[in-house]
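Chemist: 3D model of this:
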Amino acid sequence: MAAKKATKGKAARKSKPPIADGIVDASVEIAAEKGWHGVSLAEVADAIGEPLGAIVAVYPTTDRIASVLFHRIDQRVLSQVQSVDVSETPKDRLFEILMMRFDALQEQRTLYVSIIHHMRQRPAALILRAPAVAHSMALMLIASGIEVTSLFGMARTHILAVAYGALLRTWLKDDSLDMSQTMSAVDKILNGLESAQRMVCRSRSGEKGGED
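Modeler: Modelled structure (predicted):
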């Protein structure tokens, strides 16, 4: 019985604080009026009628709130993935997943453009965000049925994270209704990564052959 109580207590400690969603939703509403640079923890506290300390205890900075919003993009994409279509190439599967991601960003374009522009003005925020971007790209690769756990897979993840930064810059400038510029950029970058992977694989095969 004691073990069960301990397990329940541990689960409760890991659960999200009740006001967490309210903080994020209030931040989005404030950003709609003032842009992300205008969001402050004090204003969020006023908006949801909670003490500032309660807000800080959950999300100490607005960057942490932004991270939650980007995590929602991860969740939105993953919720649409039912299975891996092995009839498609890995490149085509990853293309589809990345375009799902940009579709999700596009649905709240003003919000995410504002967040990204705000972060780009603060290099420290971009550096701190880098591990989360790599994690998101690992999720996208896994959802595409592409291995990420080997050394080669981890390198693939970090290369894709860098490429995704370039794709975001294209998306920020893409004012077409069908995101044609973004689609073209995704296709071009994935073709380049696929070619680079083939070269690496051929090189590794050659090295193994030379050892025989």
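Chemist: and the residue nearest in space to the middle of the chain, what pLDDT?
Modeler: Averaging the C-alpha coordinates of the chain gives a centre point, and the residue nearest to it by Cα atoms, centre = their mean is residue 136 (4.2 Å). The predicted local confidence for residue 136 comes out at a pLDDT of 98.
Chemist: Would you mind measuring from it to residue 29?
Modeler: 25 Å (Cβ to Cβ, to the nearest Å). C-betas here are computed from N, CA, C, even on glycine.
Chemist: on that earlier part again, list the contacts for the residue nearest to the centre of the chain?
Modeler: When the contact criterion is Cβ atoms under 8 Å, 6 or more residues apart in numbering, the partners of residue 136 are 70, 73, 74, 161, 164.
Chemist: That one is in what secondary structure piece?
Modeler: When elements are defined using DSSP states H and E, residue 136 is found to belong to helix 123-143.
Chemist: With residue 192 instead?
Modeler: Residue 192 is part of helix 180-211, with elements assigned from DSSP H and E.
Chemist: Which residues are in contact with residue 161?
Modeler: So residue 161 contacts 130, 133, 134, 136, 137 (Cβ under 8 Å, 6+ apart).
Chemist: Would you agree the second one is in contact with residue 164?
Modeler: Read it as residue 133. Yes: using Cβ atoms under 8 Å as the test, residue 133 is close enough to residue 164 to be in contact (6.5 Å).
Chemist: can you list the domain ranges for this structure.
Modeler: Structurally, the chain divides into domains by automatic domain parsing as follows: 12-60, 70-211.
Chemist: The first one - what's its average pLDDT?
Modeler: Averaging pLDDT along domain 12-60 gives 92.
Chemist: can you offset everything so residue one is 8?
Modeler: Understood, numbering begins at 8; the last thing we discussed is domain 19-67.
Chemist: now it, how far from the chain's geometric center?
Modeler: From the chain centre to the centre of domain 19-67 is a distance of 20 Å (Cα atoms, centre = their mean, to the nearest Å).
Chemist: same check, this time on the longest one
Modeler: Domain 77-218 has its average C-alpha position 9 Å from the chain's average C-alpha position, going by Cα atoms, centre = their mean.
Chemist: The chain: helices as residue ranges?
Modeler: Read by DSSP state H, the chain holds these helices, from start to end of the chain: 9-21, 27-41, 48-55, 59-65, 69-85, 97-114, 116-127, 130-150, 158-180, 187-218.
Chemist: would you list those helices in TSV and tack on distance to residue 91?
Modeler: TSV is the format used below for the helices of the chain (distance: least, Cβ to Cβ, whole Å):
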stretch	distance to residue 91
helix 9-21	30
helix 27-41	31
helix 48-55	40
helix 59-65	36
helix 69-85	13
helix 97-114	7
helix 116-127	27
helix 130-150	8
helix 158-180	15
helix 187-218	17
